[in-house]
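>>> Provided below for reference: sequence and predicted model.
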Amino acid sequence: MFLFLIAVVAGALNAVAGGGSFLGLPALLYAGVAPVAANATTTFAMWPASVASAVAYRRDISVRPRTLVPMGVVSVAGGLIGGQLLMRTSDLSFLRLLPWLMLAATLTFTFSGRLTARLGRGRPHDLSPWALLLQLAIATYGGYFGGGIGIMMLAVMSVAGMTNIHEMNGLKVLLAVAINGVALVEFFLHNAVAWTPGLVMAAGGICGGYAGAGIARQLPAERVRMFVTVIAWILTVYFFVRG
């Protein structure tokens, strides 16, 4: 029941702002799952929740193909690279970078309005090579250790000129499905998933993911953006203190 309830909250958090694996991974470690297996199992447990959230956001995902296709391609490529890296290396070196990655993403999202104006983005969905490179890096990180990729992707979308937070959340969830889905292929091939706790958390994540997306879509866009910003700073401070 403990893992199920944690997964419900984590799934809802992923639907609204990302960062659900920050709850899922410690819960699995507390339950006695080994670190690398806990990381892979968290990805497995949260993936169905991302699918459920994508279904809930389906009416908000109206991104043009010229944005969706390249973002999807680099997300799949990065997720595959990250999954392969996790199966071949330790988590420790990457975890040392996590507070700084979170700080960069949180600052970007918090000041995205000023950055967009300064960079001269004339219209939404105007992707640049830099945005695609950032998305590739985030997807690689997501395949390796998925915590916080939602906030990071929202930051990239903001700088790329997207302004509708509901549409951004929908695209974020859809890309997360692709990133974690290809990483899971690697985890399955290496038998890295702890199935019993993973299935329990997957069930809870589906419930939380669908409910969280539905709640987020009913809130004013500015309120959701504020909530995302607060969550981002809380997670950033937590990882600096923890490190």
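Cool, the structure landed.
>>> state the distance from the closest residue in space to residue 203 that isn't next to it in sequence to residue 45.
Among residues not flanking residue 203 along the chain, residue 4 sits closest, at 6.5 Å (CB to CB, 6 or more residues apart in numbering). Yep, even glycine has a C-beta here, placed from its N, CA and C like the rest. Residue 4 is 10 Å from residue 45, where distance means CB to CB, to the nearest Å.
>>> then residue 66?
34 Å.
>>> which one of these two has more residues nearby?
Per other CB atoms under 10 Å, whichever of residue 66 and residue 45 has more neighbours is residue 45, with 32 against 11.
>>> show me the contacts for the nearest residue to the more buried one once chain neighbours are set aside.
Distances taken as CB to CB, 6+ apart put residue 201 closest to residue 45, at 3.5 Å, once the chain neighbours are dropped. Contacts for residue 201 were tallied using CB atoms under 8 Å, 6 or more residues apart in numbering; they are 3-4, 6-7, 10, 24, 27-28, 41-42, 45-46.
>>> ranges for the helices of the protein?
All helices of the chain, identified by DSSP state H, fall at 2-16, 21-30, 35-56, 65-86, 92-110, 112-119, 129-144, 149-159, 165-189, 195-218, 221-242.
>>> ok, of these, where does mean pLDDT dip lowest?
Comparing mean pLDDT over the helices of the chain, the weakest stretch is helix 112-119, at a mean of 55.
>>> so what sits against both of residue 4 and residue 45?
By CB under 8 Å, 6+ apart, the residues touching both residue 4 and residue 45 are 201, 204.
>>> what's the distance between residue 143 and residue 129?
Per CB to CB, residue 143 is found 21 Å from residue 129.
>>> residue 203 now?
Applying CB to CB, the value for residue 203 to residue 129 is 41 Å.
>>> what's the neighbour count on the closest residue to residue 170 other than its chain neighbours?
Of all residues not flanking residue 170 in the chain, residue 57 sits nearest, at 3.5 Å (CB to CB, 6+ apart). Counted by other CB under 10 Å, the residues lying close to residue 57 total 22.
>>> wait, isn't residue 225 in contact with residue 165?
Yes: under the criterion of CB atoms under 8 Å, residue 225 makes contact with residue 165 at 4.9 Å.
>>> residue 4 versus residue 240, what's the distance?
From residue 240 to residue 4 the distance is 30 Å (CB to CB).
>>> higher neighbour count, the two?
Using other CB under 10 Å, the more surrounded residue of residue 240 and residue 4 is residue 4, with 16 against 13.
>>> would you agree the more buried one is in contact with residue 205?
No: Residue 4 is not in contact with residue 205 according to CB under 8 Å; the separation is 9.2 Å.
>>> who touches the residue nearest to residue 63 when sequence neighbours are not counted in this structure?
Spatially, and ignoring its direct neighbours in sequence, residue 63 is nearest to residue 171 (5.4 Å; CB to CB, 6+ apart). Listed by CB under 8 Å, 6+ apart, the contact set of residue 171 reads 61, 63, 68, 71, 153, 157, 162.
>>> now, among those residues, which is nearest to residue 92?
Checking the contacts of residue 171 against residue 92 by CB to CB gives residue 153 as the nearest, at 24.7 Å.
>>> distance check, the closest one against residue 240.
For residue 153, the distance to residue 240 - CB to CB - is 21 Å.
>>> and for residue 167?
Distance of residue 167 to residue 240, given as CB to CB: 31 Å.
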